[in-house]
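[1] sequence isn't available, so here's the structure alone:
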Ligand code: APR
C-alpha cells in the first residue's frame, strides 16, 4: 500500500479543496469564533441549518450534539471542499483531565468518519490550540502522532493536510514533520 501523503500548509482552511475539512467546533455545533466562525462564514447559512438539524436530532436521543473527542460530518455549503467534519476538542485544564486522549480522539474519529464516507483527502486545523488553550507543541505532537497511527488503518485516505493559520504553529509542525 502506497504511503498516504502528509502535507503542511500555512493558510486558511476554508480555501482547501480536500474532500473534507475539519472544523474545531464546540459541543453545541452552533458555531463560534476562530476556525469555527471562519468555516461557517465561508460555507454560508445552510451549514448552520444542517448542524442545527443534527443537534436537535441528537438532543431528541438524549445525546450531546458533539461530545468532546467525537466527530460529526455535514455538507460544506459554499466551501470548495466536499464535506465538513466537526469535532470538539478538549479545553486545556492543565493536562490531568484526559485532554491528550480526547485530542487524539478528535483526529482519530475524524479520519474514521472520512474513511467511512469513502473520502480520500482531509485537512485539519490545529484543534484546541486556539481559544481552548492547548499548548501548541503538545497539541501538534498529538495531532501528528494520532494521524500517522490512524492512517495505518485507513487505506482509503491518500492525503492529509495540516493547515496552520500562524507562523508559530507552522514552525512547530515543520519541526515535528521534519520538513524544513
Ligand atoms: N484556517 C485555519 N486555521 C484557523 C483559521 C482558518 N481560517 N482561523 C483560525 N485558525 C486556527 C487558530 O489560529 C488556531 O491555531 O485554528 C486553531 C484553533 O483555534 P480555535 O478556532 O480557537 O479552536 P479551538 O482552540 O479548538 O477552540 C474551539 O472556539 O471558535 C470556538 O466554537 C469554537 O468553542 C469552540 C472553540
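    Now that the structure is in, tell me what you want to look at. Note that the structure is a prediction, hence the values are computed from the model and not measured.

[2] from here on, contacts and neighbour counts on C-alpha atoms
    OK.

[3] can you list the residues of the chain near the ligand?
    Contact residues (CA under 6 Å from any ligand atom) of the chain with the ligand: 12-14, 24-26, 31-38, 89, 125-132, 163-165.

[4] low-confidence regions, this structure specifically.
    1, 180 (pLDDT under 70).

[5] all helices for it, in order.
    Assigned by DSSP state H, the chain shows helices spanning 34-43, 45-60, 99-116, 136-151, 167-177.

[6] dump the ones you listed to TSV, plus mean neighbour count.
    Listed next are the helices of the chain as TSV, based on neighbours: other CA atoms under 10 Å:
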stretch	mean neighbour count
helix 34-43	19
helix 45-60	16
helix 99-116	21
helix 136-151	18
helix 167-177	16
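
[7] from residue 88, how far out is the residue lying closest to residue 9 once chain neighbours are set aside?
    Excluding the flanking residues, the one nearest residue 9 by CA to CA, 6 or more residues apart in numbering is residue 163, at 4.8 Å. Distance check for residue 163 against residue 88: by CA to CA, to the nearest Å, it reads 17 Å.

[8] just want the most central residue of this structure.
    Here the mean C-alpha position of the chain is nearest to the C-alpha of residue 22 (CA atoms, centre = their mean), at a distance of 3.3 Å.

[9] measure the residue nearest to that one when sequence neighbours are not counted to residue 157 for me?
    Nearest non-adjacent residue to residue 22, counting by CA to CA, 6+ apart: residue 85, 4.6 Å away. Using CA to CA, residue 85 is found at 15 Å from residue 157.

[10] what does residue 22 give?
    In this view, residue 22 and residue 157 are 14 Å apart by CA to CA.

[11] then residue 38?
    On the measure of CA to CA, residue 38 and residue 157 end up 25 Å apart.

[12] same deal with residue 138?
    For residue 138 relative to residue 157 (CA to CA), the value is 25 Å.

[13] who's in contact with residue 146?
    Applying CA atoms under 8 Å, 6 or more residues apart in numbering to residue 146 gives the contacts 104, 107, 108.

[14] I meant to write residue 135 there.
    Contacts for residue 135 (CA under 8 Å, 6+ apart) come out as 92, 129.

[15] same check on residue 51?
    Residue 51 makes contacts with 29, 30, 74, as judged by CA under 8 Å, 6+ apart.

[16] now residue 121, nearest residue through space, not along the chain?
    Using CA to CA, 6+ apart, the closest residue to residue 121 is residue 159 (4.6 Å).

[17] okay, now the one you found: neighbour count?
    For residue 159, the count of nearby residues is 18 (other CA atoms under 10 Å).

[18] verify the stated contact: residue 21 with residue 123.
    Yes: counting by CA atoms under 8 Å, residue 21 does reach residue 123; the two are 4.7 Å apart.

[19] from the centre of the chain, point out the most distant residue.
    Relative to the mean C-alpha coordinate of the chain, counting by CA atoms, centre = their mean, the farthest residue is residue 60 (25.4 Å).
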